[in-house]
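Peer 1: quick one, structure for this:
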Amino acid sequence: METKPALIPAERIEHAIRMIRGEKVILDAELANLYEVETRVLVQAVKRHRDRFPADFMFQLTKAEFDHLRSPSVSSRQWGGRRYPPYAFTEQGVAMLASVLNSPRAIQVNIEIIRAFIRLRQMLAAHTELAKKLAALEKKYDAQFKVVFEAIRQLMTPPEPKRRRIGFLKE
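Peer 2: Predicted structure coming up:
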């Protein structure tokens, strides 16, 4: 069976996936962008079928969460003008969107988004498996390798993003 080339680059979808409230989600505006529809059209379709989107499929961000997402570096085109916080869709919510947005593009985009969620889950599982193996090795060998194990753990932890300080520097 021959696979079609991706409609949307996987990196673009993976970049849209965020962690909010401990869930991997994609926001309504980003989904609308991927589906090539207006955000209000996507939200209206979801509201018409609200019974298909329980809390574990979709939730609306609080004002505090929404304010935290917005920053001076985000363009006003993307976030400006919103009167309400966005909706966040989990993997199951994205899958349910296929039944609400019944267009060929929506179906293809959904397939690619679900595949991106699966790749992310596989990467996390591999990382967890590696951490378990490292812990087992650490227990097996004595303190002479403790420094090596600590160095490996430091390499496994993602670096914290550097934040630029706001304001002027005092000379």
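
Peer 1: show me the helices in the chain, by range?
Peer 2: Assigned helices in the chain, in chain order: 10-16, 28-35, 39-48, 63-69, 76-79, 91-100, 104-140, 146-156 (criterion: DSSP state H).

Peer 1: packing partners of the first one?
Peer 2: With contacts defined as 3 or more Cβ pairs under 8 Å, 6 or more residues apart in numbering; DSSP states H and E, the secondary structure elements packing on helix 10-16 are strand 23-27, helix 28-35, helix 104-140. Heads up, the C-betas are built off the backbone N, CA and C, glycines and all.

Peer 1: quick one: the shortest one to helix 28-35, angle?
Peer 2: On the basis of axes from the mean of the first three to the mean of the last three Cα atoms, to 10 degrees, strand 23-27 is oriented at 70 degrees to helix 28-35.

Peer 1: ok, and what's touching strand 23-27?
Peer 2: Under the criterion Cβ atoms under 8 Å, 6 or more residues apart in numbering, residues 13, 16-19, 61, 69, 86-91, 93-94, 113, 117, 120 lie in contact with strand 23-27.

Peer 1: may I have the residues that are in contact with D28?
Peer 2: By Cβ under 8 Å, 6+ apart, D28 lies in contact with T39, L42, V43, V46, P86, Y87, A88, F89.

Peer 1: which of these has the largest number of neighbours?
Peer 2: Going through these with other Cβ atoms under 10 Å as the criterion, the one with the most neighbours is F89, at 25 neighbours.

Peer 1: got any ranges where the chain has weak pLDDT?
Peer 2: Per-residue confidence for the chain (pLDDT under 70) gives these ranges: 1-7, 71-81, 141-149, 159-165, 167, 169, 171.
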